[in-house]
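A.B. asks: My questions concern the predicted model and sequence given below.
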Amino acid sequence: MPAKPLPQPRKAPRQKRSLETVDAILAATAHILSKEGLEKATTNHIAARAGVSIGSLYQYFPNKESLVRALNDRHTQEILALLSRRFEEVREAPIPDAVRAIVRAMVDVHRHDPDLHRVLVQATPAVGAKVETRRLEAAAGRLLVGFFQARAAELRIQDFELSAFLLVQSVEALTHAAVLEHPGLLEDERFVEETTRMIVGYLTDGVEPAGKARRSRRKS
């Protein structure tokens, strides 16, 4: 049996008015998903909330699944942009400070409208949005590998790609578990601090950075 095609937008908006229409439709989708849940997010309800005709909605989105996927894709792009900025900002910061800043960025992304994030996490398999999730994981992994390469002398890890995979999967699992089951943790600074402690311990394991060790031996 052939695989069911993934829900895709019908056409990409290009003109200012079209972009505004799509923004209004996605904002309405986000509001209804957050406040009323996935089942209430019908195309008619979304169009009414957005203040557009159902025909206008269907110009861009063939069904509810394509709307949810587009919203998830936008969320993915926001996370990638934030992570790219944060890695650039902390590339020379002490390892604990750098890790803390990156963890806090991930928590902040999910802390905004946790109800919406909960629906997106739950809906991801149903709307075929795993593609966006995998793209996010791969991009985050590349950012981590670059960071590890630049700071290799301070780290105990040697297989950077493996370590990046382990950390991306771990942080994603932690933040999603918080969103789904313990949203209060997203407001608790201990969540950031304990996650930071766990990652820093894995990366350094209390091992003296190689550069520092060499300097100490030269002095003696």
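C.D. replies: Structure's in. What do you need?
A.B. asks: quick one: the closest residue to residue 100 other than its chain neighbours and residue 71, what's the gap?
C.D. replies: Closest residue to residue 100 apart from its sequence neighbours, by CB to CB, 6 or more residues apart in numbering: residue 196 at 4.5 Å. Heads up, the C-betas are built off the backbone N, CA and C, glycines and all. Shown here: residue 196 relative to residue 71, a distance of 30 Å by CB to CB, to the nearest Å.
A.B. asks: Of the two, which one has the most company?
C.D. replies: Ranked by neighbour count (other CB atoms under 10 Å), residue 196 and residue 71 place residue 71 first, with 23 against 20.
A.B. asks: contacting residues around that one?
C.D. replies: 26, 29-30, 33, 120 (CB atoms under 8 Å, 6 or more residues apart in numbering).
A.B. asks: check contacts around the most centrally placed residue in the chain.
C.D. replies: Central residue of the chain (CA atoms, centre = their mean): residue 79, 4.4 Å from the mean position. Counting by CB under 8 Å, 6+ apart, residue 79 makes contact with 106, 109, 136.
A.B. asks: So what's the gap between the strand or helix carrying residue 134 and the chain middle?
C.D. replies: In this assignment (DSSP states H and E), residue 134 forms part of helix 130-150. With CA atoms, centre = their mean, to the nearest Å as the basis, helix 130-150 stands 11 Å off its chain's centre.
A.B. asks: do the same with stretch 167-175
C.D. replies: That offset, for stretch 167-175, works out to 10 Å (CA atoms, centre = their mean).
A.B. asks: longest helix in this structure, by residue count?
C.D. replies: Scanning the chain for the longest helix, with DSSP state H as the assignment, gives helix 64-89.
A.B. asks: and the angle for that helix with helix 130-150?
C.D. replies: 10 degrees (axes from the mean of the first three to the mean of the last three CA atoms, to 10 degrees).
A.B. asks: Let me know the average pLDDT across helix 64-89.
C.D. replies: Average pLDDT, helix 64-89: 88.
A.B. asks: Same question for that helix: list its buried residues.
C.D. replies: 64-73, 75-76, 79-80, 83, 86-87 (16 or more other CB atoms under 10 Å).
A.B. asks: Identify the residues contacting the helix or strand just after that helix?
C.D. replies: Next in sequence after helix 64-89, counting helices and strands by DSSP H and E, comes helix 95-111. Residues outside helix 95-111 that contact it (CB under 8 Å, 6+ apart) are 78-79, 82-83, 86-87, 89-91, 93, 117, 147, 151, 154-155, 171, 175-176, 178-179, 186-187, 191-193, 195-196, 199-200, 203-204.
A.B. asks: And stretch 181-188, by the same measure?
C.D. replies: Contacts of stretch 181-188 (CB under 8 Å, 6+ apart): 107, 110-111, 114, 118, 175, 178-179, 191.
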